[in-house]
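A.B. asks: got a sequence here, can you build the structure:
(chains A and B)
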Amino acid sequence: MKTIRASIIGFGAVGQGVAEVLLQKDEYLKNIGLDIKVVAIADSKGAAIDPDGVDLSKVLSKKRANGKDKGTVGSEKYTGLEIITTIDHELVIETTPTDIDTGGVGLANMRAAFEHGRDVVTSNKGPLALKYRELAGIASENGSNFKFEATVGGAMPIINLIREVLAGNDIISIEGILNGTCNYILTRMMEEQASYEQMLAESQELGIAETDPAYDVEGIDAACKLVILANSIFGMDATYKDIDVTGITKITPESLMLAQNDGYVVKLIGEVRKDLIRVGPRLVPVGHPLAVGGTLNVASIQTDLAGTVTITGKGAGSIETASAIISDVIAIYR
Amino acid sequence: MRVSMDIELKDIPGQLLLALNPISELKGNLVSVVHHHEKRTPRGTIPVQLVLEIDPDKLDAIISRFERSGVSVVRAGEERFLEHGAVIMIGHIIHTDIQDTIDNIDRTGFAEVVDLSLSMPSIDMPSSALLKIDAIGKPEMNDAILLLKAVADKKDILVIEPIDTELM
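C.D. replies: Got it, this is the predicted structure:
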């Protein structure tokens, strides 16, 4: 049995999902020889710390006590950064919210983790979309593992699929739907012949879109994911500011009908290849593998040996994203 | 009749003029010239695609004039638009001079707008259109769509083009 001491930095939907999955999969993990012991959890208000392992179910109920996300994980006055720099452990699970302008606390957390020789598994896109090369550099200088499957496509496996399962292939291009919110809005506009504004309101009611939807509907989220793919798969040194991005806010229901009459659906497609990165609405033939509906994500990977491989899956959700994080953790320590 | 021709030129100065002179002398109208300098053939020649309007009786004369002056004609035939494409446009399509938008494509000689379906929900609301374009081939279709996007961009019209479905 290998004992891995881990911290969970950031305890919103994804961090809590990780805790739930660790509880649920405890036996599974022990069966494959892994004892993941969470020694510290931090949210923006405080921390729970226990070198013998934090009681995850207790922390989860404490966090959820005063309604969703109103509570805090614990009373210790430690920040995430202090935990990373002062508490002895091997693995930092970084799930703080994405800050796309500066990289936010996530960037500082990841830098500190690597400087202390810790491994990092993250779902936080911001630092990777801004500073991928720097982070990958510090990780490798310090002999740390750096895995981030959860940053692109949620549960849908793409980075590890390409790096491991498709190893030996040259990747020619990747294109797909990398934002479930936009996919939902476009799918519903077509089904209901309704305006963008109406379907945005519906998806906000259902919790699919944020109160401030700009990050999703302007294509920024999809662009960040594309940058992560461009840098980690194509070896580019791009930031999301380099990308040609068009969102979905100008799409009219009439245009969707015209497209449908001609055998197309409209999807927000991200596309990356050697000399091009762009995000924008595109016509996709009905019945094409990329023409998936609802909140699904999808990606087609064009390779030299395997031809085109297309994957689809849930791009968001707390447990789904935790799935990608757990698989990264297992990949490192198994 | 509109004819397209693939010819090959030696990589020395003055060759293009040598190829183009017989066309005007025989009262042909040159529609487009695409000079593929980057795609040198194994024979060391430069491939050039011509599209021209010419009296059908004079086509053979042009070909023999070409060959006499050392320009090899790889293919010549009546123009067929083999590639069919569609794009969606969203914006103030009519009031930004739709004639001009379409003319930009038609003037290329290698692509033309063949159909337009338009939906105008109400005054002041953006219109939506499905534009069908025919082109000589795939690269010409891509060029035509790029051109359309550039024109539309100036008119604040969003162009939604198809994904590239011709993946390996």
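A.B. asks: the residue nearest to residue A:103 when sequence neighbours are not counted in helix, strand or coil?
C.D. replies: Spatially, and ignoring its direct neighbours in sequence, residue A:103 is nearest to residue A:127 (4.3 Å; CB to CB, 6 or more residues apart in numbering or on different chains). (Glycine included, C-beta is placed from N, CA and C.) Taken by DSSP: H, G, I helix; E, B strand; the rest coil, the conformation at residue A:127 corresponds to helix.
A.B. asks: quick check: the gap between residue A:127 and chain B.
C.D. replies: Residue A:127 sits 30 Å away from chain B, going by CB to the nearest CB, to the nearest Å.
A.B. asks: show me the contacts for that residue.
C.D. replies: A:103-104, A:106-107, A:110, A:135 (CB atoms under 8 Å, 6 or more residues apart in numbering or on different chains).
A.B. asks: so how far is the first residue of stretch A:157-175 from its last?
C.D. replies: Chord length of stretch A:157-175, first to last residue, is 14 Å (CA to CA, to the nearest Å).
A.B. asks: so how far is that stretch from its chain's centroid?
C.D. replies: Averaging C-alpha positions (CA atoms, centre = their mean, to the nearest Å) puts stretch A:157-175 17 Å from its chain's average.
A.B. asks: likewise stretch A:264-284?
C.D. replies: Counting by CA atoms, centre = their mean, stretch A:264-284 comes out at 19 Å from the chain centroid.
A.B. asks: what's the domain layout of chain B?
C.D. replies: In terms of domains, chain B is parsed into B:2-78, B:83-160 (source: automatic domain parsing).
A.B. asks: phi, psi for residue A:310 please.
C.D. replies: Backbone torsions of residue A:310, given as degrees, to the nearest 10, read phi -120, psi 130.
A.B. asks: so what's the residue count around it?
C.D. replies: Counted with other CB atoms under 10 Å in any protein chain shown, residues neighbouring residue A:310 total 16.
A.B. asks: just the pLDDT for it.
C.D. replies: At residue A:310, the predicted lDDT confidence score is 96.
A.B. asks: same check on residue A:112?
C.D. replies: Per-residue pLDDT puts residue A:112 at 97.
A.B. asks: same question, the one 4 residues further on
C.D. replies: Listed pLDDT for residue A:116 reads 97.
A.B. asks: gap between it and chain B?
C.D. replies: 44 Å.
A.B. asks: isn't that residue up against residue A:85?
C.D. replies: Yes. Residue A:116 is within contact range of residue A:85, at 6.2 Å (criterion: CB atoms under 8 Å).
A.B. asks: any idea how far residue A:311 is from residue A:13?
C.D. replies: Distance, residue A:13 to residue A:311, by CB to CB, to the nearest Å: 23 Å.
A.B. asks: so which of those two has more stuff around it?
C.D. replies: Legend: neighbour count by other CB under 10 Å for residue A:13 and residue A:311, higher for residue A:13 (19 against 16).
A.B. asks: check contacts around that one.
C.D. replies: By CB under 8 Å, 6+ apart, the neighbours of residue A:13 are A:318, A:321.
A.B. asks: ok, now residue A:72?
C.D. replies: Counted by CB under 8 Å, 6+ apart, residue A:72 has contacts A:43, A:45-46, A:62-63.
A.B. asks: look at residue 134 and say how many residues are nearby.
C.D. replies: You didn't say which chain, so I picked chain A. 16.
A.B. asks: hmm, no, I was thinking of chain B.
C.D. replies: Neighbour count of residue B:134, defined by other CB under 10 Å: 20.
A.B. asks: cool, residue B:149 as well?
C.D. replies: Other residues near residue B:149 come to 16 when the count uses other CB under 10 Å.
A.B. asks: how far away is residue A:126 from chain B?
C.D. replies: According to CB to the nearest CB, residue A:126 stands 28 Å off from chain B.
A.B. asks: need the pLDDT of that residue.
C.D. replies: Looking at residue A:126, its pLDDT stands at 93.
A.B. asks: and if you look at residue A:68?
C.D. replies: 53.
A.B. asks: first vs last residue of stretch A:3-22, how far apart are they?
C.D. replies: End-to-end for stretch A:3-22, by CA to CA: 14 Å.
A.B. asks: if we go by neighbour counts, what in it is buried?
C.D. replies: Residues of stretch A:3-22 classed as buried by neighbour count (16 or more other CB atoms under 10 Å in any protein chain shown): A:4-22.
A.B. asks: how much space between the most centrally placed residue in chain A and residue A:138?
C.D. replies: Taking CA atoms, centre = their mean, the centroid of chain A lies closest to residue A:151, which sits 2.5 Å from it. According to CB to CB, residue A:151 stands 17 Å off from residue A:138.
A.B. asks: and the residue of the stretch 101-250 of chain A found nearest chain B, what is it in contact with?
C.D. replies: Using CB to the nearest CB, residue A:250 is the residue of the stretch 101-250 of chain A that sits closest to chain B, at 5.1 Å. Residues in contact with residue A:250 (CB under 8 Å, 6+ apart) are A:196, B:90-91, B:126, B:158.
A.B. asks: so which of these belong to helices?
C.D. replies: Counting by DSSP state H, the part of these found in helices is residue A:196.
A.B. asks: of the contacts of residue A:250 - the most surrounded one?
C.D. replies: Highest neighbour count within the contacts of residue A:250, by other CB under 10 Å: residue B:90, with 24 neighbours.
A.B. asks: that one bridge partners, please.
C.D. replies: Using DSSP bridges, the bridge partners assigned to residue B:90 are residue B:128, residue B:158.
A.B. asks: show me which residues of the stretch 151-300 of chain A sit near chain B.
C.D. replies: Residues of the stretch 151-300 of chain A lying close to chain B (CB under 8 Å from any CB of the partner chain) are A:172-173, A:175, A:246, A:250-252, A:254-255, A:257-259, A:261-262, A:264, A:266, A:269, A:271, A:280-285, A:288, A:290, A:300.
A.B. asks: what's the domain layout of chain A?
C.D. replies: For chain A, automatic domain parsing gives the domain ranges A:2-155+A:318-333, A:163-313.
A.B. asks: need the residues of chain B near chain A, please.
C.D. replies: Within chain B, the positions near chain A by CB under 8 Å from any CB are B:86-88, B:90-91, B:117, B:119, B:121, B:125-130, B:132, B:158, B:160-165, B:167-168.
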